[in-house]
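Novice: missing the sequence, but the structure's below:
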């Protein structure tokens, strides 16, 4: 590794760390909001229909949002240059689809707040894979290890306290609870493993917007396959979708929110690694708690002791997020990251100087992709038309909802979007 490349990596490290932390926290807010529509499973809709509705919304959003931000020429050029990563993006999408289906089963059986706590063990899985495959935390001193491991442990411990506290508010049968817990833990393992393709892509210089565009084919294909298998054919699955048509708007909206959160999560994984970025995005537990308790009234009847545990668990998670946010990678760890990047460049014959620049949000060839095309407006208008049509036929779900709290939480998530999006644009132009 030459000194010029090492210097280029070290120069923007602090600002990129702050950007990654901001993206991780914004991801938590939007991923938490995205899970709210899955409460529709309590109305008797099939978990596969719920997942398919969300994934359909994700599919629409993951084509239109990247196109809006960077244009099709940029996306096609980036995916063509990183063609070897297509299979990894599809694989990640398949893992996401299976995990998301498991979360719907978990929410149905144990509730949103408890399920959130359990599947957020994905941060531990991601931390392990980041260390094993991509040299994250290697070369760091005891101080950084303590911050990251301690912060991650605090987030998981806080989530566990929340789960313990909220479990007492439910009269769920033990058999259903066991299945729900296993489903949530399984989702955590799959989501934690899904981050391997994320990090592999970004160490190869791929743009997150390009990655998620390909990613969506894997998730849609896997969701359709699972739904068709468990409903004994696509015909039966689509018949169930027809029954759920009045609530598809809310599922599409949840999928759109998920895309916004996932894009922030992707940028966090790119700039600060999965060992730091994923635990930060897992503050979605706090937002899931807020949506479950304040909007859907899941905590009605909680004892004072249980409420105290909820507060304690929330504080633990916040402390953990602060610790991770302060754990900037030192120069010695950045050198280890560079070794992992060098390995990918050698394996796939990539231009290491350009990959380094892309990894830092400073692509050396940003002008090569050309301008926008007039026909890009067509998919944008089509997506808008789909949302308008679903909104026209939508019916308000028969769920107890506190509208004022819902508007407050939506307002806060929009603030995260504005701040995170502005920082990304100013620092990297969404590279």
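Specialist: In hand now; what should we look at? Note that the structure is a prediction, hence the values are computed from the model and not measured.

Novice: can we go C-alpha only for contacts and neighbour counts from here?
Specialist: Will do.

Novice: please enumerate the helices of the stretch 151-300 of the chain.
Specialist: In the stretch 151-300 of the chain, the helices defined using DSSP state H, counting those that start in this stretch lie at 174-203, 208-230, 234-243, 248-272, 274-281, 284-290.

Novice: burial check on the nearest residue to residue 231 once chain neighbours are set aside, number of neighbours?
Specialist: Among residues not flanking residue 231 along the chain, residue 237 sits closest, at 5.6 Å (Cα to Cα, 6 or more residues apart in numbering). The number of residues packed near residue 237 is 21, by other Cα atoms under 10 Å.

Novice: same check, this time on residue 301
Specialist: For residue 301, the number of neighbouring residues by other Cα under 10 Å comes to 12.

Novice: does it belong to a helix, a strand or coil?
Specialist: coil (DSSP: H, G, I helix; E, B strand; the rest coil).

Novice: what's the spacing between it and residue 232?
Specialist: When distance is defined by Cα to Cα, to the nearest Å, residue 301 is 41 Å away from residue 232.

Novice: cool, and residue 59?
Specialist: Between residue 59 and residue 232 the computed distance is 24 Å (Cα to Cα).

Novice: check residue 43 too.
Specialist: Residue 43 sits 22 Å away from residue 232, going by Cα to Cα.

Novice: same check, this time on residue 390
Specialist: With distances taken as Cα to Cα, residue 390 is found 26 Å from residue 232.

Novice: the more surrounded of the two?
Specialist: Each of residue 390 and residue 232 has its neighbours counted (other Cα under 10 Å); residue 390 has more, 18 against 11.

Novice: the more buried one against residue 244, yeah?
Specialist: No. Taking contacts as Cα atoms under 8 Å, residue 390 lies outside contact range of residue 244: 11.3 Å.

Novice: shared neighbours of the two, anything?
Specialist: Both residue 390 and residue 244 lack any common contact, where contact means Cα atoms under 8 Å, 6 or more residues apart in numbering.

Novice: count residues in the vicinity of residue 246, would you?
Specialist: 17.

Novice: over to the one 4 residues further on?
Specialist: The criterion is other Cα under 10 Å. On that basis, residue 250 has 26 neighbouring residues.

Novice: that one and residue 35 touch, don't they?
Specialist: No. Counting by Cα under 8 Å, residue 250 stays clear of residue 35, with 10.7 Å between them.

Novice: quick revisit: out of the helices of the stretch 151-300 of the chain, which is closest to residue 64?
Specialist: With Cα to Cα as the measure, helix 208-230 is the member of those nearest residue 64 (9.1 Å).

Novice: give the buried residues for the closest one.
Specialist: Buried positions in helix 208-230, judged by neighbour count with 16 or more other Cα atoms under 10 Å: 208-224, 226-228.

Novice: flag the shaky bits of the protein, pLDDT-wise.
Specialist: Residues of the chain that meet the criterion pLDDT under 70 lie in 1-14, 39, 41-42, 112-113, 163, 166-176, 363-371.

Novice: residues in contact with the residue sitting nearest the centre point of the chain?
Specialist: The centroid of the chain falls nearest to residue 262 when counting by Cα atoms, centre = their mean (3.4 Å). Going by Cα under 8 Å, 6+ apart, residue 262 touches 27, 31.

Novice: measure it to residue 96 for me?
Specialist: In this view, residue 262 and residue 96 are 11 Å apart by Cα to Cα.

Novice: what does residue 219 give?
Specialist: Distance, residue 219 to residue 96, using Cα to Cα: 6 Å.

Novice: now swap in residue 44 and tell me
Specialist: Distance of residue 44 to residue 96, given as Cα to Cα: 23 Å.

Novice: of these two, which one has the most company?
Specialist: Using other Cα under 10 Å, the more surrounded residue of residue 44 and residue 96 is residue 96, with 27 against 9.

Novice: quickly find the element holding the more buried one.
Specialist: Assigned by DSSP states H and E, residue 96 belongs to helix 86-110.

Novice: that helix vs helix 174-203, what angle?
Specialist: Interaxial angle, helix 86-110 versus helix 174-203 (axes from the mean of the first three to the mean of the last three Cα atoms, to 10 degrees): 160 degrees.

Novice: give the other helices and strands that helix 86-110 contacts.
Specialist: If contacts are counted by 3 or more Cα pairs under 8 Å, 6 or more residues apart in numbering; DSSP states H and E, helix 86-110 sits against helix 47-70, helix 112-119, helix 174-203, helix 208-230.
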